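S.K.: Next comes the sequence, and after it the predicted model I'd like to discuss.
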Amino acid sequence: MSQAYLPPGLPIPVPERNGLSAPFWKGVREERLKVQRNPRTGVYQWPPQWIAHDTQTFDVDWVEVEPRGVIYSWTRVWHPVHPALKDACPYIAVVVELPHAGRVRMLGNLLGDPRQEVVIGAPVAAVFEHHNDADPPFTLVQWRRTDGEGS
Amino acid sequence: MSERSLRGKVAVAGVGETAYYRHGQSPDPEFVLCLKAILAACEDAGIDPRDIDGFASYSNDRNDPPSLATALGTHELRFSNMQWGGGGGGGAGAMANAAAAIVGGLADCVVVYRALAQGQFGRFGQGPRATTLTGDLALTVPYGQMSPAQWYAPKAMRFMHEHAIGQEALRAIALASYHHAQANPRAVMYGRPLTEKTYDESRWITEPFHLYDCCQENDGAAAIVLVSAERARDLKQTPAYVLGAAIGAGYRVHSTPAGFATPDLASSHFKEVARHMYAMAGVGPADVDVVQCYENFTGGVLMALVEHGFFAPEEAGEFLKLENLIAPTGRLPLNTSGGNLAECYMHGLELQIEAVRQLRGQSTSQVPDAEVSLAVAGPMVTPVSTILFGAEAVL
C-alpha cells in the first residue's frame, strides 16, 4: 500500500449487510468511481439510496463517472477526536462537487501540504487510496489539485 | 389567522433547571437531574408535579416518560412524545409538540425536558470507536470527519466564502454569549470573560471554528411546563405565550453525517421553517425584541440569523458587532443568558428558558420591555425548529 493520508487505526468502511453501497466499495477497489443514477431520467444521486428521489423508482442504476470534480467547501481539522489522529493534525477534509454527474458531492481528504491554502472552486482529481493490508481491505477516494497547486 | 394555529392558545407556566456542571462533574445520575429540573419547573409554576399529564423531549433523551411519570407519581400519562432526529435542533420542536398536544386536547399540563450527564454516558464531541462502519458514516469517518464540529464546518465555510464574511462575525457571536454569562451566576463561564484577543489567539478546532466558536459539553437538566393560556393566567408567573412555532427542513437536507451532500449546503436550514413560524405568529423579524439562538457552532448562528430575516448575508459583517448583540442597548440582543457557549450546553433548552425569562423581566441581562422573544434550536442539523414567545400585550 502506498502511504495513506491519515494514520491507521480509524474505523474501516464496509458495505451494509443488505448491500446497498456495495457497488461503490467494490468499484473503488478497481479504481472505478460509481454513483447512482435514475435510468429513466438520468438524475444522479449520492450517497446511495434504495429509491430514486425524482421518480421513486426502486430500479436505480450504478454508473461509473469520471473521477474528477471541484472543491465546493472544506475544513482543516486541528483538534483530534479519535486516538488514531492524535498526531495527525492538521489535516484537510474537502467537499468535492462532480459537475458532470449532476453536481453530486463527495467527501474526502485533500492530498498534499496540510497547511496549503484551500481554494473553493479549484479543480481536483480522485486518488484511489488502497488499504490492502486492512481486514477487510478497502479503498478510500482522496483528492488532489490538478492545477499544479497544493503540493 | 388560520384556526390551525398555536398562537396565543398555550403558555409557559414554569421553568426550572438544576445547577449546571462541566461535563462529567454532576454529582447526580442523569435521571435524578431530570427529576430535579421538572420539580423546579413545577415549583416555579406553582403546580403540583402530580398534575403533569404529558412529557415531551428530543434528541433521544434517555429519561422516558413512563419512568418519569412513575417516579413522580403523576395521576395519569396522556402524552408521551419524542421529537425525531436533529439532536438539539429538536428543542423548539418539543415545545411545539407539547403546545400542539394541549391545543388538541390530548393533555393539559405538559413538561418539556432535557437531561444530560455526559460523564455517566458518552460525550458528543468524540468520534466513534467502532472497528468497522457502514452507510453514511463509512463515507466520512475514515477521512477523519467524525464530530459535529467537523461535519458542520464546511457549511459555515461555504456560506462565509459565498458572502465574503470574515471571522469577526463569528467572534462577535461568541463574545456576546460570554458577555452575557458574566451577569448570570448560573453560567458555567460566569467569572470567565472572553476578549477579542483571547478569541483570536485561541486554537482552531476545525476551520472556521476556533475553540470559542464551539459549544461546551455539560451535565445538568432543564424543564419547562406548558399549560393552556387560560390556565396560565391563574398561575403565579407572568405567562409567556406561544405565538408561533415550526419544525422541519428544506429540500433533501441529508441527516448528519451525510450533510455534505445536501443541495443547499451553505444553510442552517431555517429558510422555510422561519417563514412558517412567522406566518403562525403574525409578526416579522422587525418585531422581535430579543433572540436566543442555539450555538452548536457560531457559524450556525450566523446563518440562522440571516434565515430568520434579521439581516442580509451581505450585511453580516456590519450587523454582527458586539455592541449590536448585547442587552440592554443592542439592536438585537443575542443569547442573553450566555447560551450554549457560556451558560450551559443543556442542548438548547436553557435558551428556551431564557426566552421565557425575558418576557417575565427575570433575565440577568434583561432587555427593557421585551414583548416578542425568539428561541431558535439547532441550526445546520435536520430537522431544525424555532419558536416565538410573546407577552400578553402582543396577543
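M.R.: Good, I have the coordinates.

S.K.: And chain A, split by domain according to the record?
M.R.: As given by automatic domain parsing, the domain ranges for chain A are A:15-65, A:67-151.

S.K.: taking those together, which one is wrapped up most tightly?
M.R.: Stretch with highest mean neighbour count among those: domain A:67-151 (a mean of 18; mean count of other Cβ atoms under 10 Å in any protein chain shown). (Glycine included, C-beta is placed from N, CA and C.)

S.K.: Generate CSV for the domains of chain A, with mean pLDDT and distance to residue B:365 as supplementary columns.
M.R.: Putting those into CSV (pLDDT from 0 to 100; distance: least, Cβ to Cβ, whole Å) gives the following:
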stretch, mean pLDDT, distance to residue B:365
domain A:15-65, 97, 44
domain A:67-151, 96, 30
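
S.K.: how about those domains, which one is nearest chain B?
M.R.: domain A:67-151 (3.6 Å; Cβ to the nearest Cβ).

S.K.: How about that closest one and chain B, touching?
M.R.: Yes. Under the criterion of Cβ under 8 Å from any Cβ of the partner chain, domain A:67-151 makes contact with chain B via A:72-79, A:81-82, A:85, A:88, A:90-91, A:93, A:95, A:104-109, A:120, A:138, A:140.

S.K.: Now do the strands in the chain.
M.R.: Just going to use chain A. A:12-13, A:33-37, A:44-45, A:61-65, A:68-77, A:91-98, A:104-109, A:123-131, A:138-145 (DSSP state E).

S.K.: Wait, chain B was what I had in mind.
M.R.: With DSSP E as the criterion, chain B has strands spanning B:10-17, B:21-22, B:54-58, B:79-83, B:109-116, B:132-133, B:204-206, B:209-210, B:218-228, B:240-248, B:290-293, B:372-377, B:384-390.

S.K.: which residue sits closest to residue B:279 in space, ignoring its chain neighbours?
M.R.: Nearest in space to residue B:279, with sequence neighbours left out and distances taken as Cβ to Cβ, 6 or more residues apart in numbering or on different chains, is residue B:244 at 7.2 Å.

S.K.: Quick check: beta-bridge partners of the one you found?
M.R.: Taking DSSP bridges as the rule, residue B:244 bridges to residue B:388.

S.K.: so it sits right up against residue B:288, yeah?
M.R.: No. Taking Cβ atoms under 8 Å as the definition, residue B:244 is not a contact partner of residue B:288, at 11.2 Å.

S.K.: neighbour-wise, which of these two wins?
M.R.: Here residue B:244 and residue B:288 are compared on neighbour count by other Cβ atoms under 10 Å in any protein chain shown; more neighbours surround residue B:244, at 24 against 20.

S.K.: Could you check how far that one is from chain A?
M.R.: According to Cβ to the nearest Cβ, to the nearest Å, residue B:244 and chain A sit 30 Å apart.

S.K.: got it, and residue B:235?
M.R.: On the measure of Cβ to the nearest Cβ, residue B:235 and chain A end up 45 Å apart.

S.K.: That residue: neighbour count?
M.R.: Neighbour tally, residue B:235, other Cβ under 10 Å: 17.

S.K.: again, but for residue B:203
M.R.: 9.

S.K.: what's the answer for residue A:11, then?
M.R.: For residue A:11, using other Cβ under 10 Å, the count is 20.

S.K.: picking up where we left off before, and the strands of chain A: which comes nearest residue B:164?
M.R.: For those, distance to residue B:164 was read as Cβ to Cβ. The smallest value, 14.9 Å, belongs to strand A:68-77.

S.K.: Also compute the angle for that closest one relative to strand A:104-109, please.
M.R.: 50 degrees (axes from the mean of the first three to the mean of the last three Cα atoms, to 10 degrees).

S.K.: Get me the contact residues on the stretch 51-200 of chain B for chain A.
M.R.: B:125-147, B:149-150, B:153-155, B:157-158, B:161.

S.K.: Go again with 6 Å.
M.R.: B:126-127, B:130, B:132-134, B:136, B:138-145, B:147, B:150, B:153-154, B:157-158, B:161 (Cβ under 6 Å from any Cβ of the partner chain).

S.K.: Could you tell me which of the residues you listed count as buried?
M.R.: Among those, those classed as buried by neighbour count (16 or more other Cβ atoms under 10 Å in any protein chain shown) are B:127, B:133-134, B:136, B:138-145, B:147, B:150, B:153-154, B:157-158, B:161.
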